[in-house]
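A.B. asks: just a sequence and a predicted model for now, questions to come.
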Amino acid sequence: MSGFFEMGGYEAYVWSSYAMAAIVLVGLVVVSLRSLRAREAQLKALEEDQKGDAS
């Protein structure tokens, strides 16, 4: 099992690559969720504005 984690002597490159990929993926999720919340708030404000105009 330790041979798997050592990656034939290239473990520093392999695991740092995995870490960088994980950081990028987590960053994409965070940015996407923030964008979603902003768009939902914008939609809610537009819907409320439209209801106010219709009355």
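C.D. replies: Ah, there it is.
A.B. asks: do I have it right that residue 14 meets residue 7?
C.D. replies: Yes: Residue 14 is within contact range of residue 7, at 4.5 Å (criterion: Cβ atoms under 8 Å). The C-beta positions use only the backbone N, C-alpha and C, and glycine is treated the same way.
A.B. asks: residues contacting residue 14?
C.D. replies: Residue 14 is in contact with residue 7, counting by Cβ atoms under 8 Å, 6 or more residues apart in numbering.
A.B. asks: which SS class is it?
C.D. replies: Secondary structure for residue 14, judged by DSSP: H, G, I helix; E, B strand; the rest coil, is helix.
A.B. asks: which ones are touching residue 27?
C.D. replies: Taking Cβ under 8 Å, 6+ apart as the definition of contact, residue 27 has no neighbours.
A.B. asks: hey, where'd the helices end up in the chain?
C.D. replies: With DSSP state H as the criterion, the chain has helices at 2-6, 11-54.
A.B. asks: how about low-confidence regions in this protein?
C.D. replies: Where the chain drops to pLDDT under 70, the residues are 55.
A.B. asks: mind doing that once more with 90?
C.D. replies: 1-9, 11, 51-55 (pLDDT under 90).
A.B. asks: just want the most central residue of the chain.
C.D. replies: residue 29 (1.2 Å; Cα atoms, centre = their mean).
A.B. asks: for that one, give me its contacts.
C.D. replies: Under the criterion of Cβ under 8 Å, 6+ apart, residue 29 has no contact partners.
A.B. asks: give me the phi and psi for residue 10.
C.D. replies: Backbone torsions of residue 10, given as degrees, to the nearest 10, read phi -110, psi 20.
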